[in-house]
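Q: attaching a predicted model along with its sequence, questions to come.
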Amino acid sequence: MRHHDLVVIGAGSGNAVVDDSFADLDVAIVEERWFGGTCLNAGCIPSKMLAHTAQVARTVRDAGTYDVDAGPGGVRWRAVRDRVFRRLDAEREKGRRGREGQDFITVYEGRARFTGPRTLRIERSDGGARDIGAAQVVVAAGGRPLIPPPVADSGLPYETSDTVMRLDDPPRRLAILGGGYIAAELAEVFAAAGSSVTVVEKERRLLGPQDETVSERFTELVRSRYDLRLGRELMRVDGRPGALRLTLDDGSTAEADLLLVAVGRVPNSDRLDLEAAGVATHDDGRVIVDRCQRTSAEGVFALGDICSPVPLKHVANREAEVVAHNLRHPDELVTCDHERVPAAVFTQPQIASVGLTEQECRDRGPDYAVGTAAYADTAYGWAMEDTTGFCKVLAEPDSGRLLGAHLMGAQAPALIQPLVLAVALGIDAATLAGAPYWIHPALTEVVENALLDLDLAPRR
Ligand SMILES: Cc1cc2nc3c(=O)[nH]c(=O)nc-3n(C[C@H](O)[C@H](O)[C@H](O)COP(=O)(O)OP(=O)(O)OC[C@H]3O[C@@H](n4cnc5c(N)ncnc54)[C@H](O)[C@@H]3O)c2cc1C
Ligand SMILES: NC(=O)c1ccc[n+]([C@@H]2O[C@H](COP(=O)([O-])OP(=O)(O)OC[C@H]3O[C@@H](n4cnc5c(N)ncnc54)[C@H](O)[C@@H]3O)[C@@H](O)[C@H]2O)c1
């Protein structure tokens, strides 16, 4: 059995752990499917490249709002798809070849599973297998789409985010099960490409975990774009490939050519024989880690969606930095903080958030102040003819400490960054509003206005 100093399972965010400071070690990276992982191949990046294209299409369609005549036409799906994936597939190959060319790294293609403490078997798709051992192991095997029983049991075809972005043609009628991140973003993409979209969501609103104002207003805004079936459970899928019928719990039905399942993701921990390694998991399947990203097994770290309470790429990246440091500096361990993680949904309008929602503030007690501002009340909002965008900030009335911030509107993921900085660095609302200049007439004025709208106790 070959013995390495370090083995990384999963070449998504796990790949970021190893830099040249590991060149004195014998390192192995095991990847079963695609170098770059979900983000590059089927997640953040392709979905945002497609979302941006959808936004361009909407801008062209809405050009009349700005008294601009734009020609007829539409989204050339295959050209868009090929542009996106030509680039990303090339990046994946570049990443893999780069690793294979490094002297201190061995790349294994295949699925790893533990056979004992820090020993692994790697099984290739051609049936070959190989046993290896390591002084240290990083588990970065991510997650996969959850497929609920009515879909799995139907025997009928369905798509997930792993496959749907690479389709040859957009479906005429697309049904999406779930009304969270993936549904919200990809509904927009396929609607722009000409699909008529039905969304089946078990809760009463789309994007339910967002701040209540965001979730409510977003749901109302897209009601005219999609056939929304909210508060509904899927009972059955029947029909035939290309002509599906979804039966919901109230007996209503939805017809679709194609079903996209987007009801969340599950960690890949169940495929790793973690018991053999002594690696413990939570009830939901996530690997248990401490703040230093150490698992319950000596010498085994974990990072990313397989363990994270916040399954987002910027979090996985931060965890990879922490693991990289801790592998090299066992006597000076650093920790990872999962509080105040910002997030964004790349819909139209875009959405961004950090910290507590208003409903979470209310649950904590009555003591919070709310400041709001509309894009429509800023000069750049006039330029954009915006009627729906807003910013909401939540703060402690006495100290002005920011508790949370929420934006819905153009460039929300970029506009929220000053609020993310303030939350992370402990800058209070009055200081953030008053100390820096805010460029006029930039959209950031909506953030400044929301801060100024807070009813805070006067400073002594
Ligand atoms: C459609 C979509 C859009 C998203 N958009 C965003 C976004 O805009 N912003 C954001 O922050 N996050 C986004 N995310 C979430 C983000 O993609 C993930 O949080 C992130 O990619 C997790 O990284 P990871 O390294 O933990 O897992 P992954 O990137 O999934 O990497 C795990 C790797 O391990 C490999 N693997 C699994 N099991 C084994 C095994 N047994 N042996 C060997 N290899 C194995 C897999 O093939 C994979 O390559 C999105 C996700 C999806 C699905
Ligand atoms: N912009 C981003 O950062 C981004 C984009 C896409 C995905 N992601 C990541 O990928 C993860 C997975 O995305 P997702 O959209 O699959 O999950 P999600 O958790 O965002 O949303 C799942 C939705 O499906 C609903 N649901 C669950 N079971 C259902 C059922 N049986 N019938 C109908 N509805 C049901 C839930 O109520 C929820 O609204 C996200 O949690 C996020 O971590 C992030």
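A: Done, it's in. Ligands and ions are numbered 1, 2, ... in the order given.

Q: residue of this protein nearest ligand 2, please.
A: Per Cβ to the nearest ligand atom, residue 180 is where the chain lies closest to ligand 2, at 1.8 Å. Every C-beta, even on glycine, is put in place using the N, C-alpha and C of the backbone.

Q: name the nearest residue to residue 391, sequence neighbours excluded.
A: residue 450 (4.1 Å; Cβ to Cβ, 6 or more residues apart in numbering).

Q: how about stretch 162-180 and ligand 1, touching?
A: No - judged by Cβ under 6 Å from any ligand atom, stretch 162-180 makes no contact with ligand 1; its nearest approach is 7.6 Å.

Q: and the strands in the stretch 301-450 of the chain?
A: 343-345, 351-355, 369-374, 390-395, 402-408 (DSSP state E, counting those that start in this stretch).

Q: residue contacts, the residue of the chain closest to ligand 2?
A: 201, 206-209, 262-264 (Cβ atoms under 8 Å, 6 or more residues apart in numbering).

Q: may I ask which of the residues you listed has the most neighbours?
A: In terms of neighbours by other Cβ atoms under 10 Å, those top out with residue 206 at 28 neighbours.

Q: these two touch, right, that residue and residue 217?
A: No - if you go by Cβ atoms under 8 Å, residue 206 and residue 217 don't touch, sitting 10.4 Å apart.

Q: in a markdown table, list the strands of the stretch 301-450 of the chain along with mean pLDDT.
A: A markdown table is the format used below for the strands of the stretch 301-450 of the chain (pLDDT from 0 to 100):
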| stretch | mean pLDDT |
| --- | --- |
| strand 343-345 | 98 |
| strand 351-355 | 98 |
| strand 369-374 | 98 |
| strand 390-395 | 98 |
| strand 402-408 | 98 |
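
Q: give me the most central residue, the chain.
A: Central residue of the chain (Cα atoms, centre = their mean): residue 312, 4.7 Å from the mean position.

Q: for that one, which non-adjacent residue is closest in space?
A: Closest to residue 312 by Cβ to Cβ, 6+ apart is residue 343, at 6.0 Å.

Q: around the one you found, count how many other residues there are.
A: Neighbour tally, residue 343, other Cβ under 10 Å: 17.

Q: and it, what does it touch?
A: Contacts of residue 343 (Cβ under 8 Å, 6+ apart): 310, 312, 352-354.

Q: repeat the analysis, applying 10 Å as the threshold.
A: Counting by Cβ atoms under 10 Å, 6 or more residues apart in numbering, residue 343 touches 181, 209-210, 310, 312, 314-315, 351-354, 413, 416.

Q: what about it, distance to residue 436?
A: 24 Å (Cβ to Cβ, to the nearest Å).

Q: all helices of the chain, in order?
A: Using DSSP state H, the helices of the chain run over residues 37-42, 44-61, 77-100, 149-152, 181-192, 212-222, 274-277, 313-328, 358-364, 379-383, 412-415, 417-425, 429-434, 445-452.

Q: output these in CSV; the columns should cover mean neighbour count.
A: Below are those laid out as CSV (neighbours: other Cβ atoms under 10 Å):
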stretch, mean neighbour count
helix 37-42, 23
helix 44-61, 18
helix 77-100, 15
helix 149-152, 14
helix 181-192, 25
helix 212-222, 19
helix 274-277, 18
helix 313-328, 20
helix 358-364, 15
helix 379-383, 15
helix 412-415, 20
helix 417-425, 18
helix 429-434, 20
helix 445-452, 24
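
Q: straight-line length of stretch 234-246, end to end?
A: 7 Å (Cα to Cα, to the nearest Å).

Q: and stretch 386-406, by the same measure?
A: Using Cα to Cα, the distance between the terminal residues of stretch 386-406 is 17 Å.
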